Structures are given as C-alpha cells and as structure tokens.
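Peer 1: pasting the sequence and the predicted coordinates here, then a few questions.
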Amino acid sequence: MDSIRQIQLAHSPRLATVLMVEECLKDAGEVLKVAELKRRLPKQVMHSTLIQILDYLQESGKILITTKGVLWIYRAPAELERLKAGGLEL
C-alpha cells in the first residue's frame, strides 16, 4: 500500500485582516491586552491568525508586545520629520 504524503501549506492572514488589526491598534492609542484587542476588532479573528499578525507587526517595527499588552509605535517618516521640525530631539 502506498503511503499518502500530506503537504501542509502555511496559512497566511488576508491583507484585509492585517490592515484591520493595524487600524484598530493605531486608533486605540494605548496598550491593549490581546483579549481586549479581539473585542475591539470589527470582525472576529481566529486567535492563531491574530497571533501570527501580531508577530509580523512586531518584526516589522510597528508594535511592541510587552507583558502588559500590545502598543502601536510606528511613526511614518513624514510624521517624524514634522516632529523634528517642531523641536523634538531624537
């Protein structure tokens, strides 16, 4: 009897889902627990998908994941230039 090989393809979140999570974190303006983030999202997201998205956002430098929760930290280059022009020393 021939054995059947099963190839497991890695599931990736849809771009719309990633953008939805990004927008929710940007709008929050505060540290959110993962459970609170899930409640604030306009659509339900599977926990494993949300964790995968959060890992991606952390690796790309857009969020910090701490023991207290998740915080949006990304600033667009234009915004950083505006802050520097206003006297913020980096």
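Peer 2: Okay, I see it.

Peer 1: okay, CA-based contacts and neighbour counts for the rest of this
Peer 2: OK.

Peer 1: and the closest residue to V18 other than its chain neighbours, what helix or strand is that in?
Peer 2: Using CA to CA, 6 or more residues apart in numbering and skipping the chain neighbours, the partner closest in space to V18 is I53 (6.2 Å). Element membership for I53 (DSSP states H and E) is helix 47-59.

Peer 1: cool, L71 as well?
Peer 2: strand 69-72.

Peer 1: gap between the residue nearest to V18 and P77?
Peer 2: Distance of I53 to P77, given as CA to CA, to the nearest Å: 23 Å.

Peer 1: which of these two has more neighbours?
Peer 2: Shown here are I53 and P77; by other CA atoms under 10 Å, I53 has more neighbours (21 against 9).

Peer 1: that one contacts P13, doesn't it?
Peer 2: Yes. Here I53 lies in contact with P13, judged by CA atoms under 8 Å, at a distance of 7.1 Å.

Peer 1: quick one on the thing from earlier: quick one: mean pLDDT for the strand holding L71?
Peer 2: Mean pLDDT, strand 69-72: 96.

Peer 1: and stretch 11-23, by the same measure?
Peer 2: Taken as a whole, stretch 11-23 has an average pLDDT of 95.

Peer 1: can you check stretch 33-44 too?
Peer 2: Stretch 33-44 comes out at a mean pLDDT of 97.

Peer 1: that stretch: end-to-end distance?
Peer 2: End to end - CA to CA - stretch 33-44 spans 16 Å.

Peer 1: what's L32 sitting at in phi/psi?
Peer 2: Per-residue torsions, L32: phi -120, psi 140 (degrees, to the nearest 10).

Peer 1: distance check, it against L83.
Peer 2: For L32 relative to L83 (CA to CA), the value is 25 Å.

Peer 1: between these two, which is the more surrounded one?
Peer 2: L32 (19 against 13).
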